[in-house]
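Student: Have a look; sequence and predicted model below, questions after that.
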Amino acid sequence: MKALIRLWELILERFHLKEFLEHPVPRFSSLNPLYWFGDVAAMSFFILAITGFALALLYTPGLSLTKTPPDPLLGHNAKEVYDATESYSSVYKITYLTPLGFILRQIHLWSAYMMIFATLAHFFAKFILGSYKRRGGGALWLLGVLLGVLTIGQAVLGYILPLHLDGILAIQIGLNLFRYFDYFGIPVGQLVLSVLGSLFVTDQVIKMIYVLHILIVPAIILVLLGLKINGILYGGVAPPPIKDEELRRKAMEEKEPFYPHRFALMVGQLLLQLSVILLLTAMTPLPLLEPWVPGQEVPPGVRPPWPVMWYYTYVKMIDPFISVGLPIFLVLFAMVVPLLDRKGGISIEERWVWVIIAIVYIAIIGYGTVLGFLVDIPKELTPLTRISVPPDYAVPYTGTPQAVGP
Amino acid sequence: MTMVDEDRRNVLKIFIGSSVALSLGALTTPLVGSVINAKALALKGEYSSVEVVLCENVDNCPEEYSVPISELRQGPKFVLLKKGNMAIPAVFGLVKAADGKEYPAAYNTVCTHFGCPVNPTGGKYLTGFVCPCHGSFFNICNNPNGCPENPDECAKTPDKCKRRPFLEAYVTGGPAPRSLRPIKVVVKGDRVYAVKAYI
C-alpha cells in the first residue's frame, strides 16, 4: 500500500500533474451555473467519442440494396421485409440485433443532442456574460464559435449516416443548399461535383461523410478543444458581470484549488449527465426512422430534427435567397462580436445593447424551433417578396419533343 | 558579437521558415490537386447547371439509360442514371399534350430549391412534380405553343405575357426559384433513351 501511494505521488510529481490539479479556480465560477455548460458540452464529446468508436466498428457505409427485417418496436408483421441500403441494414443490425446495441446508439444520439443543447446554452451564457472582453477572451470566443459550427456539422453528418429517409433528405439538402451561390456566379455546384463526384448520394459520397464524421471533424474538434482548455487553464475564467470593480476583484481573488473542489463538482456533473442521458434513453427511445431507397416516393411532412428545425422554419417561410444565408450571417456576426463590443465595462447594465443582441439570437433560434414544431407552415406565409431569378438561369426544356404512339 | 548571433539566428529562421513553407506547399499542392478535379470545375454548363452528356450518340447508348415505352404507358418510371461516380435520379414519363399526342420526357428529380427528391404527380401520364420537403409545385407545360406563366395576367395583357416552353417543368407554387432540371431524351425503336442531363 505504501509503495502504491509512493508510486502515485511520483506520477503526480514527475508528470507535473500537481500543478494542474492544484491550479487555483475562482470560487464563484464553480457555483454559478452559467459557467457549467462548457463542461457539459466537452464531457458529451468524450461520451460520443467512446460510444462512437463502438458504433464505427459495427457500421458499414454503402448504398447497395439489401433486405431488412421489419422494425419489431413498431409492431410490423414478422414476415414483412423491406428494401433498404447497406448503411440502413447495418444500423438496423446495431439497433435491434446486437446485444446492447440499442442502448449504445441511444446514448450516442442523446449525448449528441445534449452536446448541441449545451453548446447553444454555453454560447448564450458567454454572450450575456461578455466573457470575450477579458484578455484572451476574444480568441477563446472565436474558437468557441468554430467549435459550435463543427458541433452542428458533426450532428448533421451523423444524422445522414444511417441513410434512413430523413438522413437521405439531409444529405440531398446538404449537397444542394449552397448551390444558391451558383446564382451569383460562384460555382459551388461544380466545386461539390468536382470534390465528391456527384450531386446525388452515392457510395463515394457516403464514404466521404463517414470519414468526415468519425475522423476529420472530431480531430479538428479535439485540437480546438485542447487550445480552448489550455486558454482557460492559463488565462482564467471570465470575471462576473458586475459593475462594482471592488466586488469583481474580490470575486476573482477568492480562489480554491481545482482538485478536489472543482474536480468533485465535475465528477458529480458527469454522473448527473450520464443519468439524464440514461433517463432520456429509457423514457423517450428514438427509434430508427423508416428506410428509403432512391426512386421511392417520399411521404410529405418530413421534418428535420430539432437542432436545425429553426432553419427549416425560416427557409420555408422566407424567400430562399434571403433565408439560406441566415446561419452564415449569424455565425459571421458572432465571430466579429468581440471586435465590435470593445468599449465600456463588462457589467450587464453597461453592455445592455449586447445583452439584447444575445436575446435576439436566442429569440431567432427559439422562435423558429417552436414554430417549426407547432404549425405546418403554409407556403403563403412569405413576409418578404420573392426575388425573381434572372430568366437565363432557368434551364429550358432541351431537345426536340418527339411524339410516340397514337 | 551579439550582432553576429542575431544575424545568424535570423538567417536560420528564414531558412527554417521557407523550407517549412516549401515542404507544406509541395505536400499540399498535389493533395489538393488530386482531390479537386479541375476538369469538372471547368465543365461549367449554361444556366449555372452542369451539363452531363450520357451518350454522344443514341445508336450506342447503353440500355441502362433507357426505358421501354410500353413501361412508360403504365406510369412514370424512376431510373438512377449512373456515370462513373456520378448518380443522377431521373423520372421518365409520358406527357399528354394539348394536341392529343403523347410525348416522352425525363427530369432530374432533385428539387431546385433545396435538393430533396421530388415526387411525380398525375396517374398514368406525368403532369408535374411536388417536393415533399418544402412544398414546391412543378407543372409540366403540356401545350406545344408554350404555357403562360401567369394566366390571369396574360388574359389582361397578352403582349407582355411570359410563356414557358413546351415540356418545361416550371414552378407553380412553393419556394423553388427555378424550373426542374431537364434530361434530354431521344426515342429509338420502342425505347426512350436519356442522352444528356443537367445536374
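Tutor: Arrived safely, thanks for sending. Numbering: from 1, shown residues only, chains lettered A, B, ... in the order given.
Student: make it CA atoms for all contacts and neighbour counts henceforth
Tutor: Fine.
Student: Where does pLDDT dip in chain A?
Tutor: A:69-80, A:376-399, A:405-406 (pLDDT under 70).
Student: partners of the strand ranked longest in chain B in the sheet?
Tutor: Looking across chain B with DSSP state E, the single longest strand is strand B:86-96. Strand B:86-96 has the following strand partners under DSSP bridges: strand B:77-83 (antiparallel), strand B:102-108 (antiparallel).
Student: residues near residue 65, how many?
Tutor: Just so you know, I chose chain A. A count of neighbours around A:Leu65, defined by other Cα atoms under 10 Å in any protein chain shown, yields 16.
Student: hm, I was asking about chain B
Tutor: B:Tyr65: 20 neighbours (other Cα under 10 Å).
Student: In the stretch 1-150 of chain A, which residue sits closest to chain B?
Tutor: Of all residues in the stretch 1-150 of chain A, A:Leu63 sits closest to chain B, at 11.4 Å by Cα to the nearest Cα.
Student: circling back to that earlier point, format the strands paired with strand B:86-96 as JSON lines; extra columns: distance to A:Thr151, mean neighbour count and mean pLDDT.
Tutor: Converted to JSON lines, the strands paired with strand B:86-96 look like this (distance: least, Cα to Cα, whole Å; neighbours: other Cα atoms under 10 Å in any protein chain shown; pLDDT from 0 to 100):
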{"stretch": "strand B:77-83", "distance to A:Thr151": "33", "mean neighbour count": "18", "mean pLDDT": "91"}
{"stretch": "strand B:102-108", "distance to A:Thr151": "33", "mean neighbour count": "25", "mean pLDDT": "91"}
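Student: May I see those strands arranged in JSON lines, with distance to A:Phe333 as well?
Tutor: As requested, those are exported to JSON lines (distance: least, Cα to Cα, whole Å):
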{"stretch": "strand B:77-83", "distance to A:Phe333": "41"}
{"stretch": "strand B:102-108", "distance to A:Phe333": "37"}
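Student: how does chain B divide into domains?
Tutor: Chain B breaks down into these domains under automatic domain parsing: B:1-47, B:51-198.
Student: Of the ones you listed, which shows the lowest average pLDDT?
Tutor: With a mean of 72, domain B:1-47 has the lowest mean pLDDT of the domains of chain B.
Student: in the one helix or strand B:Val171 maps to, what counts as buried?
Tutor: Per DSSP states H and E, B:Val171 falls inside strand B:169-173. Within strand B:169-173, the residues that qualify as buried are B:169-172, counting by 16 or more other Cα atoms under 10 Å in any protein chain shown.
Student: swap in stretch B:135-146?
Tutor: B:135-143.
Student: do the same with stretch A:302-322
Tutor: So for stretch A:302-322, counting by 16+ other Cα under 10 Å, buried means A:303-305, A:307-321.
Student: Strands - which of the residues you listed land there?
Tutor: Short answer: the buried residues of stretch A:302-322 have none in strands (DSSP E).
Student: Return only those of these found close to chain B.
Tutor: Filtering the buried residues of stretch A:302-322 for proximity to chain B by Cα under 8 Å from any Cα of the partner chain leaves A:303, A:316, A:319-320.
Student: Nearest to A:Val188 among these?
Tutor: A:Pro320 (16.2 Å; Cα to Cα).
Student: from memory that closest one sits against B:Pro175, does it?
Tutor: Yes: counting by Cα atoms under 8 Å, A:Pro320 does reach B:Pro175; the two are 6.8 Å apart.
Student: joint contacts of those two?
Tutor: Counting by Cα atoms under 8 Å, 6 or more residues apart in numbering or on different chains, the contacts common to A:Pro320 and B:Pro175 are B:His113.
Student: hmm, back to that, identify, from the buried residues of strand B:169-173, the entry nearest to chain A.
Tutor: B:Ala169 (7.9 Å).
Student: Show the end-to-end separation of stretch B:76-95, please.
Tutor: 10 Å (Cα to Cα, to the nearest Å).
Student: mind listing the strands in chain A by residue range?
Tutor: Using DSSP E, strands in chain A cover A:24-26, A:65-68, A:82-85, A:255-257.
Student: For A:Pro240, which of those strands is the nearest?
Tutor: strand A:24-26 (10.2 Å).
Student: Which strands or helices does that closest one pack on?
Tutor: On a contact count with 3 or more Cα pairs under 8 Å, 6 or more residues apart in numbering or on different chains; DSSP states H and E, strand A:24-26 meets helix A:245-253, strand A:255-257.
Student: buried ones in the first one?
Tutor: By that I understand helix A:245-253. Buried residues in helix A:245-253 (16+ other Cα under 10 Å): A:251-252.
Student: How far away from the center of its chain is that helix?
Tutor: Averaging C-alpha positions (Cα atoms, centre = their mean, to the nearest Å) puts helix A:245-253 35 Å from its chain's average.
Student: elements contacting that helix?
Tutor: Packed next to helix A:245-253, using 3+ Cα pairs under 8 Å, 6+ apart, are strand A:24-26, helix A:27-31.
Student: What lies in contact with that helix?
Tutor: Under Cα under 8 Å, 6+ apart, the answer for helix A:245-253 is A:26-28, A:239-242.
Student: Between these, which sits nearest B:Val20?
Tutor: A:Pro239 (40.0 Å).
Student: So which bits of the stretch 151-300 of chain A are right by chain B?
Tutor: Residues of the stretch 151-300 of chain A lying near chain B (Cα under 8 Å from any Cα): A:169, A:172-173, A:175-177, A:182-183, A:185, A:187, A:189-191, A:193-195, A:197-202, A:204, A:294-295, A:297-300.
Student: If any of those residues are buried, give me the ChimeraX selection for them.
Tutor: Buried subset of these, written as a ChimeraX selection, criterion 16+ other Cα under 10 Å:
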select /A:169,172,173,175,176,177,182,183,187,189,190,191,193,194,195,197,198,199,200,201,202,204,294,295,298
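Student: Can you tell me which of the domains of chain B is packed in deepest?
Tutor: domain B:51-198 (a mean of 20; mean count of other Cα atoms under 10 Å in any protein chain shown).
Student: Now do that domain: distance to the chain's middle.
Tutor: 12 Å.
Student: and what of stretch A:306-318?
Tutor: Distance, centroid of stretch A:306-318 to centroid of chain: 15 Å (Cα atoms, centre = their mean).
Student: Thank you, goodbye.
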